[in-house]
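Novice: Okay, sequence plus prediction incoming.
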Amino acid sequence: MARPDWAPDEIDLERPSIARVYDYWLGGAHNFAADRALADQALGVMPSLKSAIMMNRAFLRRAVQSLAASGVRQFLDLGSGIPTVGNVHEVARQAAPDSRVVYVDRDPVAVAHSRSLLMGDAGVAVLQADIRDPRAVLDSPEVQDLFDLGEPVAVLMVALLHFVPDSEDPIGIIRGYRDRLAPGSHLALSQLGTEPGEEPEGWQRYRDLYAASVTPLSSRGHAEVTAFFEGFDLVDPGVTRIPLWRPESVDDLEPDAARFPGFAGVGRLPG
Ligand SMILES: C[S@@+](CC[C@H](N)C(=O)[O-])C[C@H]1O[C@@H](n2cnc3c(N)ncnc32)[C@H](O)[C@@H]1O
């Protein structure tokens with residue numbers, strides 16, 4: 001297969017990546033045959049996935065809008081993915097033109113494409129890093145040069161933590177960020193998950209497929225997602241099914257929103 005000029009040398013074109021599968025689902029062009037095959041297979045076993053992904057993106061937009069409206073001007077987008085319509089800096093700047101964003105991902109295509117798209121934009125930086133190492137992220141030149149950590153930061157973990165199993169201590173990882181943030185900082189997160197007996201059609205086959213091809217998915221229910229906000233005050237309406245977090249129009253909703261396979265919330269660091 002010919003390697004396009006935007007594909008960094010180190011990536012294996014035959015192995016699907018989380019970021020490129022997600023790019024394909026969102027209608028992007030930065031993916032390969034192996035990514036598209038897995039993405040199509042997943043949609044085949046769980047048809048509601050397409051709407052789930054769109055609902056997640058809509059949550060990201062609403063969360064960033066509300067954070068910008070509440071005065072946050074610094075956004076740390078962890079697991080940011082391959083840039084697509086409605087990127088965090090675009091949404092934030094509509095509300096607050098002076099917003100600054102650091103995008104963080106470990107995927108080389110996501111990072112290379114983000115850098116080429118954002119080159120020359122003084123208010124945006126792109127960092128290739130593993131989000132499980134908060135110190136490396138927060139001490140990076142990208143964060144240190146662009147952010148004032150004495151001022152509130154919004155940490156975004158959108159459609160990310162289902163890739164971090166409990167054995168890797170996601171609560172401890174979040175704490176690693178939280179303990180370095182100024183009062184008034186926020187955490188916004190969403191992740192896939194269901195409550196027992198509410199799994200959508202194909203849920204287990206979808207998880208099996210991901211476990212066999214890329215990485216296992218750690219599904220979590222309402223209580224487990226709420227536990228991620230340790231030390232934060234949840235803002236209204238608390239942790240909800242993703243479409244039910246401050247929906248703005250019927251486009252943000254879906255018929256089965258109350259059983260949607262994913263949860264979201266935003267918390268504020270008091271003080
Ligand atoms: C499903 S995409 C979500 C993209 C975006 N946040 C959104 O919601 O539209 C998840 C992203 O997280 C990245 N990711 C997963 N685990 C990561 C880790 N440990 N460190 C950095 N990035 C990670 C993947 O590379 C991928 O781009």
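Specialist: Sure, I can see it. Please read these numbers as outputs of a predicted model, since none were measured by experiment.
Novice: and the gap between the nearest residue to residue 69 once chain neighbours are set aside and residue 213?
Specialist: Spatial nearest neighbour of residue 69, excluding adjacent residues (Cβ to Cβ, 6 or more residues apart in numbering): residue 95 at 5.6 Å. To be clear about C-beta, it is placed using only N, CA and C from the backbone, and glycine gets the same treatment. With distances taken as Cβ to Cβ, to the nearest Å, residue 95 is found 38 Å from residue 213.
Novice: go on, residue 51?
Specialist: 22 Å.
Novice: and the residue positioned nearest the centre of the chain, what are its phi and psi?
Specialist: Note on the chain: the residue nearest the mean C-alpha position is residue 158, at 2.5 Å, using Cα atoms, centre = their mean. Residue 158 adopts backbone torsions of phi -100, psi 120, taken as degrees, to the nearest 10.
Novice: go on, residue 237?
Specialist: Dihedral angles (degrees, to the nearest 10) for residue 237: phi -100, psi 30.
Novice: Can you verify my assumption that it contacts residue 247?
Specialist: No. Using Cβ atoms under 8 Å, residue 237 is not in contact with residue 247, being 10.1 Å away.
Novice: can you list the residues that contact the helix or strand of the chain at the bottom of the mean pLDDT ranking?
Specialist: Every helix and strand of the chain was ranked by mean pLDDT, DSSP states H and E. The lowest is helix 108-118, at a mean of 89. Residues outside helix 108-118 that contact it (Cβ atoms under 8 Å, 6 or more residues apart in numbering): 6-8, 10-11, 17, 19-20, 23, 30, 80-83, 89, 103, 105, 124, 126-128.
Novice: repeat that for 6 Å
Specialist: Helix 108-118 is contacted from outside by 8, 10-11, 19-20, 30, 81-83, 103, 105, 124, 126, 128, using Cβ atoms under 6 Å, 6 or more residues apart in numbering.
Novice: now, among those residues, which is nearest to residue 270?
Specialist: residue 103 (27.3 Å; Cβ to Cβ).
Novice: Quick check: that closest one is in a strand.
Specialist: Yes. Assigned with DSSP: H, G, I helix; E, B strand; the rest coil, residue 103 falls within a strand.
Novice: Would you check that it makes contact with residue 77?
Specialist: Yes. If you go by Cβ atoms under 6 Å, residue 103 and residue 77 touch, sitting 5.0 Å apart.
Novice: before we move on, back to that, how close does the residue nearest to the centre of the chain get to residue 37?
Specialist: Relative to residue 37, and taking Cβ to Cβ, residue 158 is found at 25 Å.
Novice: Spell out which parts of the protein neighbour the ligand.
Specialist: Counting by Cβ under 6 Å from any ligand atom, the residues of the chain lying close to the ligand are 18-19, 22, 56-57, 60, 79-81, 105-107, 110, 130-132, 158-160, 163.
Novice: Among these, the buried ones, what's the ChimeraX command?
Specialist: What follows is the ChimeraX syntax selecting those of the residues of the chain next to the ligand that are buried according to 16 or more other Cβ atoms under 10 Å:
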select :18,19,22,56,57,60,79,80,81,105,106,107,110,131,132,158,159,160,163
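Novice: Which of the residues of the chain next to the ligand fall within helices?
Specialist: Per DSSP state H, helices hold the following members of those: 18-19, 22, 56-57, 60, 110.
Novice: just those now: which is nearest residue 260?
Specialist: Nearest to residue 260 among those, with distances taken as Cβ to Cβ, is residue 56, at 9.8 Å.
Novice: What distance do you get for the closest residue to that closest one other than its chain neighbours to residue 148?
Specialist: Once flanking residues are discounted, residue 56 sits nearest to residue 159: 5.0 Å by Cβ to Cβ, 6+ apart. Taking Cβ to Cβ as the measure, residue 159 falls 28 Å from residue 148.
Novice: Brilliant, that's me finished.
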